[in-house]
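# Make a model of this:
(one chain, ligands or ions: 1)
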Amino acid sequence: MIKKIAVLTSGGDSPGMNAAIQSIIHSSYKNKIRILGVLDGYLGLCQDNIIKLKNNFSNIINQGGTILRTARYKKFNQKKERKIAIKNMKNRNIDALIVIGGNGTYIGANKLNKMGFPCIGIPATIDNDILGTDYTIGYNTALETIVKSIDKLRDTSSSHQRISIVEIMGRNCGDLTLFSSLACWCEFIITPEILYNEKKLIHKIKKSIKKGKKNIIIAITEKICNVQKLAKNIELKIKKETRATILGHIQRGGSPVAIDRILASRMGFYSIQLLLKNKFGKCIGIQNNKIISHNINDLLKFKKKKFKKKLMFVSNNLY
Ligand code: F6P
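From the prediction side, this is the model:
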């Protein structure tokens, strides 16, 4: 029977991580499970940087970031580091670990599971790039932030009749770019899932200017090209003022929107239910508004989420 557990947040922080932590703390207390918090993700686990979490954490549901702090700890790939982590947890009589984070976090948890230490994963990243869940915690808040930013960009861009490029986070996943573009009717959308060709893009921009377009917004996922250079090239070839804006880490901050708070609360609650049933090695997801779980190991065998081709088609044919 599970008597004591620990929770950590790892990888890029995302709005709603605190809501998940709060839900895990309260569900644990209700079920007489003692709960510890690991600071700084897997790094803190190896350094035994672990604190007691009390039931009085009830005002964090609306806070962005993570009270447990986070880190990207590459060395956790090494077995000797994981052995230290397991030893630290066993010394403290911790029976299971809940990890809140993205793909990298899941890989770490899967390795701990394989070494015999029970883990549960909760998907939290703004990128929405985790398989087995329609949404990750933090994605919808980031989406709102991006939409508000593009709206502001449109104000100035249209006043100057410019072309504006907006670079959006998401790593290898175009969801933030695609959905924010749909919400703001960005004229051009470039995501990692589609082949990018600068020449073709410039050709298409020229065509739409010929048709009378005065102001254009190009939404592009990070890491596809150098957006400042792209802006210069467009300006040179099209002879129209062009500016690039990188939204950057602003996208990761802020108070979580209601949908993220609710998702985090449901997932946190469900993680304790899984532990009570001795179901380990699982990660949680939401599909068609139902909370479900998968084996982390099975999920990690697949590489990428399916791209929403139909939505891209809709946006390309709307404006
Ligand atoms: O995983 C979330 C994310 O914000 C990605 O969208 C982005 O590529 C990356 O993290 C940035 O990481 P860092 O904060 O370490 O620069």
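
# burial of the residue nearest to Lys240 when sequence neighbours are not counted, as a residue count?
Closest residue in space to Lys240, ignoring its immediate chain neighbours: Ile163 at 5.6 Å, by CB to CB, 6 or more residues apart in numbering. Glycine gets a C-beta too; all of them are placed from N, C-alpha and C. Applying the criterion other CB atoms under 10 Å, we find 25 residues in the vicinity of Ile163.

# Tell me what Ile163 is bridged to.
Residues found in beta-bridge contact with Ile163 (criterion: DSSP bridges) are Ile216, Thr242.

# I figured it hits Ala244, correct?
No. Applying CB atoms under 8 Å, one finds Ile163 not in contact with Ala244, separated by 9.6 Å.

# intersection of neighbour lists for the two?
Taking CB atoms under 8 Å, 6 or more residues apart in numbering as the criterion, Ile163 and Ala244 both touch Ala231.

# list the buried ones in the helix or strand where Lys87 lies?
Take DSSP states H and E as the rule and Lys87 turns out to sit in helix 79-91. Within helix 79-91, the residues that qualify as buried by neighbour count (16 or more other CB atoms under 10 Å) are Glu81, Arg82, Ile84, Ala85, Ile86, Asn88, Met89.

# For the longest helix anywhere in the chain, list every residue counted as buried.
Taking DSSP state H as the criterion, the chain has its longest helix at helix 139-159. Along helix 139-159, these residues count as buried under the neighbour rule (16+ other CB under 10 Å): 139-147, 149-150, 153-154, 157.

# what would those look like in CSV with distance to the ligand and pLDDT?
Compiled in CSV, the buried residues of helix 139-159 are given as follows (distance: CB to the nearest ligand atom, whole Å; pLDDT from 0 to 100):
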residue, distance to the ligand, pLDDT
Tyr139, 10, 98
Asn140, 14, 98
Thr141, 12, 99
Ala142, 8, 98
Leu143, 12, 98
Glu144, 15, 98
Thr145, 12, 98
Ile146, 11, 98
Val147, 16, 98
Ser149, 15, 98
Ile150, 17, 98
Leu153, 19, 98
Arg154, 23, 98
Ser157, 23, 98
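
# Output these in JSON lines, with distance to Ile224 appended to each entry.
As requested, these are exported to JSON lines (distance: CB to CB, whole Å):
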{"residue": "Tyr139", "distance to Ile224": "20"}
{"residue": "Asn140", "distance to Ile224": "23"}
{"residue": "Thr141", "distance to Ile224": "23"}
{"residue": "Ala142", "distance to Ile224": "18"}
{"residue": "Leu143", "distance to Ile224": "19"}
{"residue": "Glu144", "distance to Ile224": "23"}
{"residue": "Thr145", "distance to Ile224": "20"}
{"residue": "Ile146", "distance to Ile224": "16"}
{"residue": "Val147", "distance to Ile224": "20"}
{"residue": "Ser149", "distance to Ile224": "18"}
{"residue": "Ile150", "distance to Ile224": "17"}
{"residue": "Leu153", "distance to Ile224": "18"}
{"residue": "Arg154", "distance to Ile224": "21"}
{"residue": "Ser157", "distance to Ile224": "20"}
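
# Output the set of residues of this protein in proximity to the ligand.
Gly12, Arg72, Gly102, Thr125, Ile126, Asp127, Met169, Gly170, Arg171, Glu222, Arg252 (CB under 6 Å from any ligand atom).
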